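Undergrad: Give me a model of this one.
(one chain, ligands or ions: 1)
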Amino acid sequence: MAGCKSSMMRRLWRKYLQIVALIVLTILSLVTYMNRRKLEIIYTNTFRGRPNSYCEGENCHSLARYFQSPNSDVDKSCNKTCKRLWQPGSSAWFDSRFNNSISPVWSRRNEELSKDVKKWWLSIRNQGENISDVLDKVFKLIPEKQPLNHRQDECCIRCAVVGNSGNLRNSKYGKLIDSHHRVIRVNYAPTEGYEDDVGSKETHRLAYPVSFTNVKKGAHFVMVPFGINDINWLVSALTDGKITWTYAPVYRYIDVDKSKVLLLNPALMYYAKQNWIGDKENWPSTGFMMLLFSFHICDEVNVFGFGASSYGAWDHYWEPDAGPWNFIYQLVSPHKHSFEENLLERLSEEGKIKIYRGVR
Ligand code: C5P
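TA: Modelled structure (predicted):
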């Protein structure tokens, strides 16, 4: 009797394990399916060698040439009716948060981080303290001066800030996005094959090592460094390709114009957290940092591709609508989308940005 009972228990237990395994497998397959672009990139990064078009020689603009034409990505036609979002006076709410004096780019001039910024920045991934050594190495490879042109009173720099939301699917925003002076994109979002909806122009792309994808020729790669290791990766990816892993596999080599690579200033990241996000998140999303970055290099900002799916998840325009399975995105996202979305809504209500909402 006891033997019969225990064999029944064993069978039940096996059944239970099978069901659990099935559920885990289903979730894993869905996560894999939804992240297949990221995984594809990780896969090619892991197994690919040095690209032959590695940026050296004729294909790269020399630094001198770059500095001679600092306004090359700005249309010279100026707009008299420019709504300069950074100008104080129209929104007390915005003015109490916005800090125009923070440089969006980390360079020799602002190399020294304040005590608070340094403490916070190093704590993100809990890394050692030798910042100046790694900066010495990286500034031998990328511009050590702040190369972004300052705003000019007589001109209007109009920017499209493009997030990765599924609301861009069938939006037909492509031409509108491309009509901006500067088009800022983020992470591994593709444009090829999606031109009708997202355009093809790109002047800046913000990404961190794991989310890097090729940047359009002539565009700036703005590296978002979540600590010293990320900068070590940049040095490695521009030289000997020693680093293949940060917290996940990364590109060994990157095919970028070194004179156009910029480091996002950790002070801007800290300010994004302190002045805008507060305790709501440990650090702001790359999309939100891209928006703040734009506030420092643009006069007018139009926002595309921001907004969660109806199931409350940060889905992507290059992936088919996952319907109720969207919840998987929430499982893998460290960010509170609703909080950032409310911030965007407020910025729009205050007349600081215009949101193009796409198709839902
Ligand atoms: O998913 P990923 O982090 O690459 O998206 C980049 C940015 O686009 C996010 O950080 C977020 O700010 C924005 N996004 C969004 N709504 C989505 C997907 C992304 O607002 N559905």
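Undergrad: make it CA atoms for all contacts and neighbour counts henceforth
TA: Noted.
Undergrad: which intervals of this structure have sub-threshold pLDDT?
TA: Where the chain drops to pLDDT under 70, the residues are 1-3, 38, 41-80, 147-154, 329-330, 332-336.
Undergrad: need the residues of it near the ligand, please.
TA: With CA under 6 Å from any ligand atom as the criterion, the chain comes near the ligand at residues 163-166, 186-187, 285-288, 306-309, 314-316.
Undergrad: Tell me where the stretch 51-200 of the chain has strands.
TA: Remark: strands assigned in the stretch 51-200 of the chain by DSSP state E, counting those that start in this stretch are 158-162, 182-186.
Undergrad: Tabulate those strands (a markdown table), appending mean neighbour count and distance to Phe94.
TA: Converted to a markdown table, the strands of the stretch 51-200 of the chain look like this (neighbours: other CA atoms under 10 Å; distance: least, CA to CA, whole Å):
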| stretch | mean neighbour count | distance to Phe94 |
| --- | --- | --- |
| strand 158-162 | 26 | 18 |
| strand 182-186 | 26 | 22 |
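Undergrad: And the nearest residue to Thr32 once chain neighbours are set aside, how close does it get to Ser211?
TA: Leaving aside its sequence neighbours, Thr32 sits nearest to Leu39 (CA to CA, 6 or more residues apart in numbering; 7.6 Å). To Ser211, Leu39 is 10 Å away according to CA to CA, to the nearest Å.
Undergrad: hang on, the earlier thing: redo the strands of the stretch 51-200 of the chain as TSV? Include distance to Ile142.
TA: What follows is the strands of the stretch 51-200 of the chain, written out as TSV (distance: least, CA to CA, whole Å):
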stretch	distance to Ile142
strand 158-162	24
strand 182-186	20
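Undergrad: Among those strands, which comes closest to Leu141?
TA: Leu141 sits nearest to strand 182-186 of all the strands of the stretch 51-200 of the chain, at 22.5 Å, using CA to CA.
Undergrad: now what about that closest one, what contacts it?
TA: The contact list for strand 182-186 (CA atoms under 8 Å, 6 or more residues apart in numbering) reads 73-74, 157-164, 177, 201-207, 286-287, 290, 294.
Undergrad: Please save the CA atoms from that strand in PDB.
TA: Presented in PDB, the C-alpha positions along strand 182-186 are these (Å, rounded to 0.1, in the frame of the first residue of the first chain):
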ATOM      1  CA  ARG A 182      19.500  66.100 -36.000                       C
ATOM      2  CA  VAL A 183      18.000  62.600 -35.600                       C
ATOM      3  CA  ILE A 184      19.000  60.900 -32.400                       C
ATOM      4  CA  ARG A 185      18.500  57.200 -32.000                       C
ATOM      5  CA  VAL A 186      19.100  54.700 -29.300                       C
END
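Undergrad: that older thread, would the residue nearest to Thr32 count as being in a strand?
TA: No. Under DSSP: H, G, I helix; E, B strand; the rest coil, Leu39 falls outside any strand and is assigned helix.
Undergrad: quick one: buried residues of the lengthiest helix in the chain?
TA: In the chain, taking DSSP state H as the definition, the longest helix is helix 2-34. Buried positions in helix 2-34, judged by neighbour count with 16 or more other CA atoms under 10 Å: Leu30, Val31, Met34.
Undergrad: Same list (those) but as JSON lines, adding distance to Lys137.
TA: Output for the buried residues of helix 2-34, formatted as JSON lines (distance: CA to CA, whole Å):
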{"residue": "Leu30", "distance to Lys137": "41"}
{"residue": "Val31", "distance to Lys137": "37"}
{"residue": "Met34", "distance to Lys137": "37"}
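Undergrad: ok, so of the residues you listed, who is nearest the ligand?
TA: Distance to the ligand, by CA to the nearest ligand atom, is smallest for Met34 among the buried residues of helix 2-34, at 10.9 Å.
Undergrad: Find the nearest non-adjacent residue to the closest one, please.
TA: Closest to Met34 by CA to CA, 6+ apart is Glu319, at 7.0 Å.
Undergrad: so which strand or helix has that neighbour?
TA: Following DSSP states H and E, there is no helix or strand that holds Glu319.
Undergrad: The stretch 51-200 of the chain: helices as residue ranges?
TA: For the stretch 51-200 of the chain, the helices defined by DSSP state H, counting those that start in this stretch occupy 63-68, 92-95, 115-124, 131-138, 174-178, 195-198.
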